[in-house]
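Novice: below are the sequence and a predicted model for it; my questions follow.
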Amino acid sequence: MILTERDEEILRFINEFGYCDIAQLMVRFELKKTWMYRLIERLINENLVRYCSVLNSRHRIYSLTNKGATFTDLPPIDGVTVGQYRHHAALIYVYLKLRKKYPDAEWISERRLLQEKFSNGLGKRGHVADGILHFTDSKKVAIEVEISVKAKHKVDKILRDYCTQLAVKEVWYYCARSVMPSLTALSAKMPFIKIFRLDDFLNAE
């Protein structure tokens, strides 16, 4: 089995987020659906990629097999829930938009942040961002995507935790409309918290 450079890039992209769907792959690799499906089907036939369906089988999502994950530096995921999928889908589209807007910035995914946290012996305690944008001037920006309202005390704790993370210069929240009022109120005295309406950001040219 010989993989092309693009094959390996596809595997790394999928596993960086754990899983994704065909539309997200099309945006990331700038390919039409027919060509993207051909590439994915070949990787499935090589037992590198697997798929399952969520949301009443309307969305087929792709993740890596154990074999596929050997071409990356992250383990494969175990499974997917509907609740995870909705947030995850929004996060990937935020990433794709940020990648286009800030092509020189490095993206550090939540999966990678968790891996680093565990390797440092810090366990599962504490909040981990949905991602980090690491700019060429060394500035680090935490990225958070919120599509549903969380309990006030949970959000307040997350925001206060960020106050202690000196390496993170700003936190960019991409939020559903319903989330913005409470988050805006809680972060009123935290100028490093930037809040954006999710659909406006994703639909902007």
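Specialist: It's in.

Novice: mind listing what's buried in the helix or strand of the chain with the lowest mean pLDDT?
Specialist: For the chain, the helix or strand with the lowest mean confidence is helix 110-119, at a mean of 85 (criterion: mean pLDDT, DSSP states H and E). Neighbour-count burial for helix 110-119 flags 110-113 (criterion: 16 or more other CB atoms under 10 Å). To be clear about C-beta, it is placed using only N, CA and C from the backbone, and glycine gets the same treatment.

Novice: how about stretch 31-48?
Specialist: Buried residues in stretch 31-48, defined by neighbour count with 16+ other CB under 10 Å: 31, 36, 39-40, 43, 48.

Novice: what's the answer for stretch 9-19, then?
Specialist: 10-11, 13-19.

Novice: so which of the residues you listed are in helices?
Specialist: 10-11, 13-17 (DSSP state H).

Novice: ok, those vs Met1, which is closest?
Specialist: Leu11 (12.3 Å; CB to CB).

Novice: does the residue nearest to the closest one when sequence neighbours are not counted count as helix, strand or coil?
Specialist: Once flanking residues are discounted, Leu11 sits nearest to Phe71: 4.9 Å by CB to CB, 6 or more residues apart in numbering. Under DSSP: H, G, I helix; E, B strand; the rest coil, the three-state class of Phe71 is coil.

Novice: my read is that Phe71 contacts Leu3, right?
Specialist: Yes - counting by CB atoms under 8 Å, Phe71 does reach Leu3; the two are 6.9 Å apart.

Novice: between these two, which contacts overlap?
Specialist: Listed contacts common to Phe71 and Leu3 are Leu11; contacts here mean CB atoms under 8 Å, 6 or more residues apart in numbering.
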